[in-house]
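[1] take this sequence and fold it.
(2 chains)
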Amino acid sequence: MPGTETGSGTETGSVSVGVRREWQRAELVAAWPQTDSARSLRFRVPGWAPQLPGQHCLVRLTAPDGYTAQRSYSIASTASTPELIEVVIERLADGEVSPHLHDVLAPGDAVEVRGPFGGHFIWSGGSPVALIGGGSGVAPLMAMLRCWRERDRPVPLRMVVSVRAPEQLWFAGEYGAETTVVYTRQAPPGWPRPPGRLDAPAISAALAGLPPETTAYVCGSHGFAEHASRLLVQTGWVPADIRIERFGPS
Amino acid sequence: MGSITRGFTGRRQHAQDRLPPGQYDVGTGFPVLTAEVTPELEPDRWTFTVEGQVAATRTLTWAQVQTLPRSTFRGDIHCVTAWSKLGTSFTGVSLDDLLAETPPLPAATHVLAWSHTGYTTNLEVADVVGGRAWVVWEHDGNRLPAEHGGPVRLLVPHRYFWKSAKWIAGLRFLDHDEPGFWERNGYHLRGDPWREERYAGD
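    Numbers count the residues shown, from 1 in each chain, chains lettered A, B, ... in the order given. Take a look at the predicted model:
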């Protein structure tokens, strides 16, 4: 794919090239709910290499007999809080890892993490962006939005968040005028757009005025990513300017 | 062994010995994790090119590959994001048959596979010969859907699945290793699931 970012370092973070990232102890220092089924976890990781917005980490749990389970999670926090990383865990009823992270893990407990990883779905803050997130797909985009604000909004940025209902919106209260929230099933009272799937007029209106060199970052389930990326192509975006991260079953 | 996580027992699976380290059985699902827009590529427009360190450059069409001996892989596939899909099948043609008329030259040590989207991934020549790699257009008896790489994808099941390039367009044989898309973005050059070679340096 043309136009991918490579390289081994910037002022705020790095892409792991050739150097192995080791498992590190991560102590839970804070936890709070995002929604009924999503929990934010803040870990302290001594010596953590600063992440770029959009990167992910692995979380590993180990049973007394040595059995392990690991999953990857996007990092929602920026490198402005050294050695502290925030991930948000959606609780999957039949999951192996997420119920433990929801129901058992308490402040003071430790897990192991590896990272940060990812060199494609990253944004260093220097170029115009359109961020399109569906449901839990807003997590890596929130790192980008937070980075943009910390840098005093250096470039054009727009964000579109698609969510079923207000009580399922992650990071509620953190969105500003740059963001359009599209409710697909149920909207708050008086919301200007009736509930409905993200469509071409909504995405065009939300992204109007961005310069031609803008890169779009789409994140969500496969179904959402497929739908949103098709809408972007329909509304004039070229595939080479669209980066996608699809959330698998983890 | 890692540090024990308080209160974690885990869910061991029947097929645990069939799973490479760190993997879990995804069951009947087949997740899609592509980083690109899914292309609409009709079989009539699909081509497959063999070039570089080979006896002769050759481009085959959909109709031409259909005349080659059909071959089915049955077994397990492993995604670097930790899911494995056990007991699945893909049908197409083995790369041994595909390369029979244009075999790699002795100087060839590596291969860069590329897709009609521009995606690339690298492999060793030993990974794509000897009955270990295919190009496939059927999954479990059905036409391979576009989201899974249809009309035709590469299949290298003994490597993490990012090596099995979707929408495969060709193989370039090289006398050196050349990292592809994910390999330039922090992932391992070889990607052997049994050695858990997920990320650079693993």
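[2] partners of the lengthiest strand in chain A, with directions?
    Counting residues, the longest strand in chain A under DSSP state E turns out to be strand A:24-35. With DSSP bridges as the test, strand A:24-35 is paired with strand A:38-44 (antiparallel), strand A:110-117 (antiparallel).
[3] so which residues of chain B form strands?
    In chain B, the segments counted as strands under DSSP E are B:24-25, B:47-52, B:58-61, B:71-78, B:83-94, B:110-115, B:120-124, B:134-139, B:142-143, B:153-155, B:168-174.
[4] point out the most buried one among the ones you listed.
    Mean neighbours per residue, mean count of other Cβ atoms under 10 Å in any protein chain shown, is largest over the strands of chain B for strand B:153-155, with a mean of 25. In this view, the C-beta of every residue, glycine as well, is placed from N, C-alpha and C.
[5] distance between that strand and the chain's centre?
    Relative to its chain's centre, strand B:153-155 lies at 5 Å (Cα atoms, centre = their mean, to the nearest Å).
[6] do stretch A:148-157 as well
    The chain centroid and the centroid of stretch A:148-157 are separated by 17 Å, computed with Cα atoms, centre = their mean.
[7] any low-confidence regions in chain A?
    Chain A contains residues with pLDDT under 70 at A:1-18, A:249-250.
[8] tell me which residue is most central in it.
    Centroid-nearest residue in chain A: residue A:140, 1.7 Å away (criterion: Cα atoms, centre = their mean).
[9] ramachandran coordinates for that residue?
    Main-chain dihedrals, residue A:140, degrees, to the nearest 10: phi -70, psi -30.
[10] cool, and the one 5 residues further on?
    For residue A:145, the backbone dihedrals are phi -60, psi -40 (criterion: degrees, to the nearest 10).
[11] for the nearest residue to it once chain neighbours are set aside, list each beta-bridge partner.
    Distances taken as Cβ to Cβ, 6 or more residues apart in numbering or on different chains put residue A:159 closest to residue A:145, at 6.0 Å, once the chain neighbours are dropped. Judged by DSSP bridges, the bridge partners of residue A:159 are residue A:131, residue A:179.
[12] residue A:159 contacts residue A:175, doesn't it?
    Yes - with contact defined as Cβ atoms under 8 Å, residue A:159 counts as touching residue A:175 (7.1 Å).
[13] rewinding a little: mind listing what the residue nearest to residue A:145 touches?
    Each residue near residue A:159 by Cβ atoms under 8 Å, 6 or more residues apart in numbering or on different chains is listed here: A:130-133, A:141, A:145, A:175, A:178-180.
[14] what do you get if the cut-off is 10 Å, keeping everything else the same?
    Going by Cβ atoms under 10 Å, 6 or more residues apart in numbering or on different chains, residue A:159 touches A:129-133, A:138, A:141-142, A:144-145, A:148, A:175-176, A:178-181, A:206-207, A:217.
[15] I'd like the strands paired with strand A:24-35 written out as JSON lines, with distance to residue A:89 added.
    Shown next, in JSON lines, are these (distance: least, Cβ to Cβ, whole Å):
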{"stretch": "strand A:38-44", "distance to residue A:89": "5"}
{"stretch": "strand A:110-117", "distance to residue A:89": "11"}
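[16] need the winner for burial among the ones you listed.
    Using mean count of other Cβ under 10 Å, the stretch among the strands paired with strand A:24-35 with the largest mean neighbour count is strand A:110-117, at a mean of 23.
[17] now find how far off-centre that one is within its chain.
    Remark: strand A:110-117 is offset 16 Å from the chain centroid, using Cα atoms, centre = their mean.
[18] again with stretch A:158-170
    With Cα atoms, centre = their mean, you get 13 Å for stretch A:158-170.
[19] how long is that stretch end to end?
    Terminal residues of stretch A:158-170 lie 17 Å apart, using Cα to Cα, to the nearest Å.
[20] how about it: buried residues?
    By 16 or more other Cβ atoms under 10 Å in any protein chain shown, the buried positions in stretch A:158-170 come out as A:158-163, A:168-170.
[21] neighbours of the residue nearest to residue A:50 when sequence neighbours are not counted, how many?
    The shortest distance from residue A:50 to any residue other than its chain neighbours is 3.7 Å, reached at residue A:79 (Cβ to Cβ, 6+ apart). As a burial measure, residue A:79 scores 25 neighbours (other Cβ atoms under 10 Å in any protein chain shown).
[22] center of chain B, which residue is that?
    Nearest to the mean C-alpha position of chain B, by Cα atoms, centre = their mean, lies residue B:164 at 1.5 Å.
[23] next one, pLDDT for it please.
    On the pLDDT scale, residue B:164 is placed at 98.
[24] ok, it touching residue B:128?
    No - counting by Cβ atoms under 10 Å, residue B:164 sits too far from residue B:128 to count as a contact (11.1 Å).
[25] who touches both of these two?
    By Cβ under 10 Å, 6+ apart, the residues touching both residue B:164 and residue B:128 are B:113, B:134, B:154, B:156.
[26] which one is the first one nearest to, not counting chain neighbours?
    Spelled out, it's residue B:113. residue B:165 (4.7 Å).
[27] and the gap between the one you found and chain A?
    Relative to chain A, residue B:165 is positioned 11 Å away (Cβ to the nearest Cβ, to the nearest Å).
[28] ok, that residue - contacts?
    Counting by Cβ under 10 Å, 6+ apart, residue B:165 has contacts B:112-117, B:119-121, B:123, B:135, B:149, B:153-156, B:171, B:180-181.
[29] repeat that for 6 Å
    Neighbour list for residue B:165: B:113, B:115, B:119, B:121, B:154 [criterion: Cβ atoms under 6 Å, 6 or more residues apart in numbering or on different chains].
[30] need those in TSV with distance to residue A:57, can you?
    Shown next, in TSV, are the contacts of residue B:165 (distance: Cβ to Cβ, whole Å):
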residue	distance to residue A:57
B:113	29
B:115	28
B:119	24
B:121	23
B:154	29
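[31] kindly confirm my reading that residue A:229 is in a helix.
    Yes - counting by DSSP: H, G, I helix; E, B strand; the rest coil, residue A:229 falls inside a helix.
[32] burial count for it?
    Neighbours of residue A:229 using other Cβ under 10 Å come to 23.
[33] which ones are touching it?
    Applying Cβ under 6 Å, 6+ apart to residue A:229 gives the contacts A:218, A:242, A:244, B:37.
[34] what's the closest of those to residue A:202?
    Checking the contacts of residue A:229 against residue A:202 by Cβ to Cβ gives residue A:218 as the nearest, at 14.5 Å.
[35] doesn't the closest one belong to a strand?
    Yes - assessed with three-state DSSP, residue A:218 lies in a strand.
[36] tell me how many other residues crowd it.
    Residue A:218 has 28 neighbours, counted by other Cβ under 10 Å.
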